[in-house]
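Colleague: sharing a model prediction with you, sequence too.
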Amino acid sequence: MLERVLFTGDVVYNGVGLPLENAGVLVAKESSIDPGTVIVFGKLEDLRSQYPDARVEHLGRAILPAPVNAHTHLDLSHVPFKAAPYTPWIGYVISRRELRGLAAAKHGLELLRAANTSIFGDIVARAEVMPFLLAAEGFSGVAYWEVLGANPDQADQIFADTTALIREWRKLERPNGVRVGLSPHTAHTVSSVLMKKLVAFARLEGIPLQIHIAESPAELEMFQTGSGALAQSITRAFDIPLEQIFGRQPGFDLTCVSHLEQLGVLDAKPTLIHGVNVVETDVQMIARAGCTVVTCPRSNRNLECGVLPWQLYAKYGVEVALGTDSVASGESLNIADEALAALEIHGSSLGWRNIVRYASRGGYKALGMKTPTVHRGDSFSSLSVWK
């Protein structure tokens, strides 16, 4: 005998339109072990009125399509968490480079699995990690090969090496599996010469792009004044003046976003990671280009980078996704933990409904994937639940 059950959540989302607050999913169950077949989604008050005989079961904070962790560094999963200002934290990670690699990435993937996350965007910094991720069963998303190269004199060789790797790895892609992407690391660790080459290649080959931008306040300072702790660190690490990296002098008319826009990078619609320390004109350029921004609230807090100006992105209609960054900066790879932290950091002004959208629709868009939608007749098992 069929039983009608009304599963409720603080926010319910079927992948269409906007998530609903204080809502539910009415399902028909044949037995206690049957997950149920979806009948209808709606506001809780309306569903209770229309189906007064249905048994009500509150499942938790959110019912949503499979959530997406749109930005990870799986190969940092053996580097212990550390909260520190951004520039010294980078030094902390570099000093522990021996902890990075395949073993750490395998551990990171298991952390994703334990968190019931099967869709992710990962930055891959070690070549042995890429074939492993492309072969990972039960996962989909994008593994972005990270490229650094601030010296323009080395651009041709780095580009040749990169394109050869990408072409070989793409042969390993599987239907509905993890795809190969490309990540020119940042606008200040990749020369303007190399950046243009990489982005042109990605556009020609249809390769997804992901770039870190505007993470630390020191980044804006560096582009506009050529000074500050990050500027000193970059020039020391690459032994090259900033103007050679940028292809021009720093200036108050320059931000990392405007730099990418001038290079034609935004035309390729890369996913932009962090995007915390932006000015309004930056957001306007991002919106015009149709780029998605991935926010990592815990990492931003722990590295003293600031808080995403989500109202500014909303004002111009920029889609936002949610990511955990790394264990080393974000504490865990659990996207549900990140969602709760986002609510704590941003408060009620952002709201749980927007956060659920970030973790679902925003994440799928960031990875160039279609948001799954759940309709009448679908199994309730196609939805995820956050307690």
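Modeller: Received, thanks.
Colleague: residue 8 belongs to a strand?
Modeller: Yes - assessed by DSSP: H, G, I helix; E, B strand; the rest coil, residue 8 belongs to a strand.
Colleague: contacts only, for it.
Modeller: 22, 23, 24, 25, 44, 56, 57, 58, 59 (C-beta atoms under 8 Å, 6 or more residues apart in numbering). C-betas here are computed from N, CA, C, even on glycine.
Colleague: which of those fall in strands?
Modeller: Mapping the contacts of residue 8 onto strands (DSSP state E) picks out 22, 23, 24, 25, 56, 57, 58, 59.
Colleague: hang on, the earlier thing: now the buried members of the contacts of residue 8.
Modeller: Buried by 16 or more other C-beta atoms under 10 Å: 23, 24, 25, 44, 59, out of the contacts of residue 8.
Colleague: ok, these vs residue 223, which is closest?
Modeller: residue 23 (44.1 Å; C-beta to C-beta).
Colleague: most centrally placed residue in this protein?
Modeller: Nearest residue to the geometric centre of the chain (C-alpha atoms, centre = their mean): residue 70, 2.7 Å.
Colleague: which of the ones in strands among the contacts of residue 8 sit farthest apart?
Modeller: Longest span within the ones in strands among the contacts of residue 8, C-beta to C-beta: 22 and 57, 14.8 Å.
Colleague: what ranges do the strands span in the stretch 51-200 of the chain?
Modeller: 55-65, 68-72, 119-124, 140-147, 178-184 (DSSP state E, counting those that start in this stretch).
Colleague: winner for burial among those?
Modeller: Ranked by mean neighbour count under mean count of other C-beta atoms under 10 Å, the strands of the stretch 51-200 of the chain are led by strand 68-72, which reaches a mean of 31.
Colleague: before we move on, the earlier item: tabulate the buried ones among the contacts of residue 8 in JSON lines, adding columns for pLDDT and distance to residue 186.
Modeller: Shown next, in JSON lines, are those (pLDDT from 0 to 100; distance: C-beta to C-beta, whole Å):
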{"residue": "23", "pLDDT": "95", "distance to residue 186": "40"}
{"residue": "24", "pLDDT": "96", "distance to residue 186": "44"}
{"residue": "25", "pLDDT": "97", "distance to residue 186": "42"}
{"residue": "44", "pLDDT": "93", "distance to residue 186": "45"}
{"residue": "59", "pLDDT": "95", "distance to residue 186": "40"}
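Colleague: which segments of the chain make up each domain?
Modeller: Using automatic domain parsing, the domain parsing of the chain gives 3-65, 68-366.
Colleague: and among these, the most buried is which?
Modeller: Ranked by mean neighbours (mean count of other C-beta under 10 Å), the domains of the chain are led by domain 68-366, with a mean of 20.
Colleague: distance between the ends of that domain?
Modeller: 9 Å (C-alpha to C-alpha, to the nearest Å).
Colleague: can I get stretch 126-139 in CSV, CA atoms only?
Modeller: What follows is stretch 126-139, C-alpha atoms only, in CSV (Å, rounded to 0.1, in the frame of the first residue of the first chain):
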residue,chain,number,x,y,z
ARG,A,126,51.3,17.3,-9.4
ALA,A,127,51.2,15.4,-12.7
GLU,A,128,50.7,12.0,-11.1
VAL,A,129,47.4,13.2,-9.6
MET,A,130,45.7,13.9,-12.9
PRO,A,131,45.3,10.3,-14.2
PHE,A,132,44.1,9.2,-10.8
LEU,A,133,41.3,11.8,-10.8
LEU,A,134,40.3,11.1,-14.3
ALA,A,135,39.9,7.4,-13.5
ALA,A,136,38.0,8.0,-10.2
GLU,A,137,34.8,6.0,-10.2
GLY,A,138,31.6,7.7,-9.0
PHE,A,139,32.9,11.2,-9.4
